[in-house]
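> Quick one, fold the following:
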Amino acid sequence: MQTKTKNIALSGLLCALSYIVMLVSKIIPEVSGFLQLDLKDVIIVSGGFILGPFYALIISVVVSLMEFITIGSTGIIGMIMNVVSTAAFCCVASDVYRKWHSLNGAIWGLIAATISLTAVMLLWNYYITPLYMKVPRDAIKAMLLPVFLPFNLLKGLINSALTLILYRPLKTALSKTGFLRKKDNAQKKKLMPIAFIVGICILAVCIPYFMHLLGLI
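Have a look, this model is predicted:
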């Protein structure tokens, strides 16, 4: 199968996986009644690590459109914000990883992506959320620091941690299906436990804070 055709087929598979993960994420309680921790970014950024930032953008748009058509409740504005949020995270991380193809590159890419997501969504929440929620901008402004800032920061960190944990197993599974060539080496296998440990440490810090944001602890 030619590379371009393989990439398109793999993108389709990643879109399907991302959509399923998005549906499963709906069981997670919402913060402040409308902010959803969406874990589909883990699959999309992994796809960006494999295929590059352009494909991460395409998958972000396709999955957000699928969500809008099937179960969306926030209208076209909500869909656009969904695309912006996912792209701000996944495209930045995969672009850094494309230029710095190593575990350090992945970690720094995910750090940059979390900062990008947080900054972009603070702006979008301030300017756009009042339009589709039909609430005064002052009400949203009052939520920026206590709600939107920690939520998006935690969302980025949790998705980053899960990416570090799941990226290599996902890539291995895709290799076994024939979508990717098997080209792992001993050094990459040695790095897997490091990525896993870093991911677990991040989750250990972030999960309690997220539960606090939900009011559970």
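> Any buried residues in stretch 134-141, and which?
The neighbour-count criterion (16 or more other C-beta atoms under 10 Å) identifies residue 140 as the buried residues of stretch 134-141. The way it works is simple: take the backbone N, C-alpha and C, and place the C-beta from them, glycine included.
> The residue most central in space within the chain: what's it in contact with?
The chain has residue 41 as the residue nearest its centroid, 2.2 Å off, counting by C-alpha atoms, centre = their mean. By C-beta atoms under 8 Å, 6 or more residues apart in numbering, the contact set of residue 41 is 86, 89, 90, 155, 159, 163.
> Now residue 63: which helix or strand?
Residue 63 is part of helix 53-70 when elements are defined by DSSP states H and E.
> buried residues in that helix?
So, applying 16+ other C-beta under 10 Å, buried residues of helix 53-70: 53, 55-64, 66-68.
> same deal with stretch 110-128?
Buried residues in stretch 110-128, counted by 16+ other C-beta under 10 Å: 110-118, 120-122, 124-125, 128.
> Output it as PDB, restricted to C-alpha atoms.
Below are the C-alpha coordinates for stretch 110-128, written out as PDB (Å, rounded to 0.1, in the frame of the first residue of the first chain):
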ATOM      1  CA  LEU A 110       3.400  18.100  25.300                       C
ATOM      2  CA  ILE A 111       4.500  20.900  27.700                       C
ATOM      3  CA  ALA A 112       4.200  23.400  24.900                       C
ATOM      4  CA  ALA A 113       0.900  22.000  23.900                       C
ATOM      5  CA  THR A 114      -0.500  22.300  27.400                       C
ATOM      6  CA  ILE A 115       0.600  26.000  27.600                       C
ATOM      7  CA  SER A 116      -0.900  26.600  24.100                       C
ATOM      8  CA  LEU A 117      -4.200  24.900  25.000                       C
ATOM      9  CA  THR A 118      -4.500  26.900  28.200                       C
ATOM     10  CA  ALA A 119      -3.700  30.300  26.700                       C
ATOM     11  CA  VAL A 120      -5.800  29.800  23.600                       C
ATOM     12  CA  MET A 121      -8.900  28.600  25.500                       C
ATOM     13  CA  LEU A 122      -8.700  31.400  28.000                       C
ATOM     14  CA  LEU A 123      -9.000  33.800  25.100                       C
ATOM     15  CA  TRP A 124     -11.700  31.800  23.300                       C
ATOM     16  CA  ASN A 125     -13.700  31.300  26.500                       C
ATOM     17  CA  TYR A 126     -13.600  35.000  27.300                       C
ATOM     18  CA  TYR A 127     -14.700  36.200  23.800                       C
ATOM     19  CA  ILE A 128     -16.800  33.300  22.500                       C
END
